[in-house]
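> here's my sequence, what's the structure:
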Amino acid sequence: MKKILLLFVVLQSLILFSQKNIKVYHEKKGDTLSLYMDNQEAYPMSLVFSGFPEVENMKTSEVFRTTQIIAARSSKNRIAYFIIDDKTKGWKVKKIPDYVMYTGDITLKNYDKEYKYDLPFKAGKSFNIDQGYNGSFSHQNENSLDITMPVGTEVVAARDGIVTDFVSTNSKGCPTRACIDKANYITILHPDGTFAQYYHLKQDGVKVNIGDQVKKGEVIALSGNTGWSKGPHLHFVCYLPRVEKDNYRETIKTIFKIGNGAKTEYLVEKKRYSKDY
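Predicted structure coming up:
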């Protein structure tokens, strides 16, 4: 019993750092002790351990994976197991390494590079690209777009997806990094595993909730001027989730339908784009 309690204490320390919809637990059957994880979030999670388990008089027939992808709404994912080596001797799990959970699949490499995004505003509107990819103000080494638009403009989803995160309570904006953490935003996970973020939204301007399935063209927010911003605009960025990159992401360029939707292109800084579809 003491051996089981030791593992239970270790697991409890890990659970303290878990999201509310993530459950870590163990089961012992015969001479095998298994570690499981349930992920009741509506999106996959990446589980990254800081090292390897330490055990005494136990073995496993497979290499422990320090990075594991846990599918959305899945239960009893076995992330490790240990078998008592010599049943005549005492055994114990001395240490289970700490871990961090990341939203999405941080190992993702293959995604739809040819997907044609809708412009993130309603039909009949046209706006300028104030800052483009690798822009000089705040987009250095980043594939992001700043679309100038008045506060309160309806922002629509550029692609279908599921809402994984948002902030809507901030009211402050300024043209320096001092306000970088004051932006309201929405994060949406696309079917191919990429993410989009819509930034600088109006206070209380978010129109969706975490877990919502949104459709392309659906109104998701009102634009604003919160956070690190030198004027009212929408900051749009798509990215792959990563752990080795700055801000835990690798930003990517996206192709948009413009005009009546028959033509597509990468949006260019200082150019005006209209949406008639």
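> going forward, measure contacts and count neighbours with C-alpha atoms only.
Will do.
> next, the buried residues of the top strand by length along the chain.
In the chain, assigned by DSSP state E, the strand with the most residues is strand 74-84. Applying a neighbour-count criterion of 16 or more other Cα atoms under 10 Å, the buried positions in strand 74-84 are Asn77, Ile79, Ala80, Tyr81, Phe82, Ile83, Ile84.
> how is this structure carved up into domains?
As given by the TED database, the domain ranges for the chain are 22-103, 116-275.
> okay, these, which one's buried deepest?
Of the domains of the chain, the one with the most neighbours on average (mean count of other Cα atoms under 10 Å) is domain 116-275, at a mean of 19.
> ends of it, what's the gap?
Distance across domain 116-275, first residue to last, is 14 Å (Cα to Cα, to the nearest Å).
> so what touches the longest strand of the chain?
Applying Cα atoms under 8 Å, 6 or more residues apart in numbering, the contact partners of strand 74-84 are 31-40, 57-60, 64-65, 68, 70, 91.
> gap between that strand and the chain center?
Distance of strand 74-84 from its chain centroid, counting by Cα atoms, centre = their mean, to the nearest Å, is 25 Å.
> can I get it in PDB, CA atoms only?
Coordinates of each C-alpha in strand 74-84 appear next as PDB, following Å, rounded to 0.1, in the frame of the first residue of the first chain:
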ATOM      1  CA  SER A  74     -10.400  11.300 -25.200                       C
ATOM      2  CA  SER A  75     -10.100   9.100 -22.100                       C
ATOM      3  CA  LYS A  76      -7.600   6.600 -20.700                       C
ATOM      4  CA  ASN A  77      -4.700   7.500 -22.800                       C
ATOM      5  CA  ARG A  78      -1.800   5.400 -21.400                       C
ATOM      6  CA  ILE A  79       1.200   7.700 -21.200                       C
ATOM      7  CA  ALA A  80       3.500   5.300 -19.300                       C
ATOM      8  CA  TYR A  81       3.500   2.000 -17.600                       C
ATOM      9  CA  PHE A  82       5.900   0.000 -15.400                       C
ATOM     10  CA  ILE A  83       6.200  -3.700 -14.700                       C
ATOM     11  CA  ILE A  84       7.700  -5.100 -11.500                       C
END
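> neighbouring strands for it, and are they parallel or not?
Counting by DSSP bridges, the strands paired with strand 74-84 are strand 32-39 (antiparallel), strand 58-59 (antiparallel).
> coming back round to it: out of the domains of the chain, which comes closest to Asn110?
Nearest to Asn110, of all these, is domain 116-275, at 8.2 Å by Cα to Cα.
> so how far is that closest one off the chain centroid?
Worked out by Cα atoms, centre = their mean, domain 116-275 lies 15 Å from the chain centre.
> just the mean pLDDT for that domain, thanks.
Averaging pLDDT along domain 116-275 gives 92.
> could I get the buried residues of strand 74-84 as CSV with pLDDT and distance to Pro175?
Below are these laid out as CSV (pLDDT from 0 to 100; distance: Cα to Cα, whole Å):
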residue, pLDDT, distance to Pro175
Asn77, 96, 46
Ile79, 93, 46
Ala80, 92, 48
Tyr81, 93, 52
Phe82, 93, 54
Ile83, 94, 58
Ile84, 93, 61
